[in-house]
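>>> No letters, just coordinates:
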């Protein structure tokens, strides 16, 4: 394989991150985190056009937003270069299943990739998210009374080219939902030998005709804020090793 030209690295004045942290994909959750976890006890650092905050009590970081596979991967590469080793991704997804409604939570295991970034990170075999992190998430959310639906997702760059045929076909194949980042993040994590898992909140129903979005609804925004708070508590309780 030909040598790459640009390598992710930690600059002289850049922070050393704690091993555990959260990548908040969407601007909505990043704003919520800034309001809740961007002030006392947290330090802020530069990360492209995203926020990067870290604290030592407990030792953890959070970053975001990073919408779309290319930007999310750029951020993840930098996080790893700064010391991240166990990353929880928080994002939205569109449901492909009639029994998966708006506000429900998905715990993706693996992904069908229709984005253009992951092919540049060659990894052999079937790639799944970290079993250890998935179990930690399941244990935590079981204590909150919230169900996590575990299964595969479909990742695509082309938000406006999600066809009815694909929605039906992937849904019949048992794929739970569609997002824009997960397969690429999973591939990079495997390539760089770090642990990664994700929790996604269903924001819209693609199986309905016509498509039904609900990410601007009051109830969805409330559940989104609850998810952010839950993930901060969960990651804060993870062992740094």
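Looks like it arrived, so ask away. What you see is a predicted model, and the numbers here were worked out from it, not measured in a lab. Numbering: from 1, shown residues only.

>>> any weak-confidence spans in the chain?
For the chain, the stretches flagged by pLDDT under 70 are 1, 239-241.

>>> Look through it and report the residue furthest from the middle.
Relative to the centre of the chain, and counting by CA atoms, centre = their mean, the farthest-placed residue is residue 2 at 29.8 Å.

>>> And that residue, how far from residue 122?
Distance, residue 2 to residue 122, by CB to CB, to the nearest Å: 12 Å. Using the backbone N, CA and C atoms, a C-beta is placed for each residue, glycine as well.

>>> now do the same end-to-end measure for stretch 14-34.
Terminal residues of stretch 14-34 are spaced 20 Å apart (CA to CA, to the nearest Å).

>>> One more: stretch 121-136?
Span of stretch 121-136 from end to end, CA to CA: 27 Å.

>>> Tell me the buried residues in it?
Buried residues in stretch 121-136, counting neighbours by 16 or more other CB atoms under 10 Å, are found at 121, 127, 129, 130, 133, 134, 136.

>>> so who does the nearest residue to the fourth one once chain neighbours are set aside touch?
Same thing as residue 130. Once flanking residues are discounted, residue 130 sits nearest to residue 195: 3.7 Å by CB to CB, 6 or more residues apart in numbering. Shown in contact with residue 195 (CB atoms under 8 Å, 6 or more residues apart in numbering): 85, 86, 87, 130, 132, 133, 189.

>>> And for residue 91?
Here residue 91 is in contact with 24, 25, 26, 179, 180, 181, 182, 198, 200, 201 (CB under 8 Å, 6+ apart).

>>> Okay, it and residue 104: tell me how far apart.
For residue 91 relative to residue 104 (CB to CB), the value is 14 Å.

>>> The spatially most central residue of the chain in helix, strand or coil?
For the chain, the residue lying nearest the average C-alpha position, counting by CA atoms, centre = their mean, turns out to be residue 89 (2.5 Å). Secondary structure, DSSP: H, G, I helix; E, B strand; the rest coil: residue 89 is strand.

>>> does residue 229 really touch residue 36, like I thought?
Yes. With contact defined as CB atoms under 8 Å, residue 229 counts as touching residue 36 (6.9 Å).

>>> list the buried ones in the lengthiest helix in the chain?
Secondary structure assigned by DSSP state H gives helix 218-236 as the longest helix of the chain. Using 16+ other CB under 10 Å as the test for burial, helix 218-236 gives 220, 223, 224, 225, 227, 228, 230, 231, 232, 234, 235.
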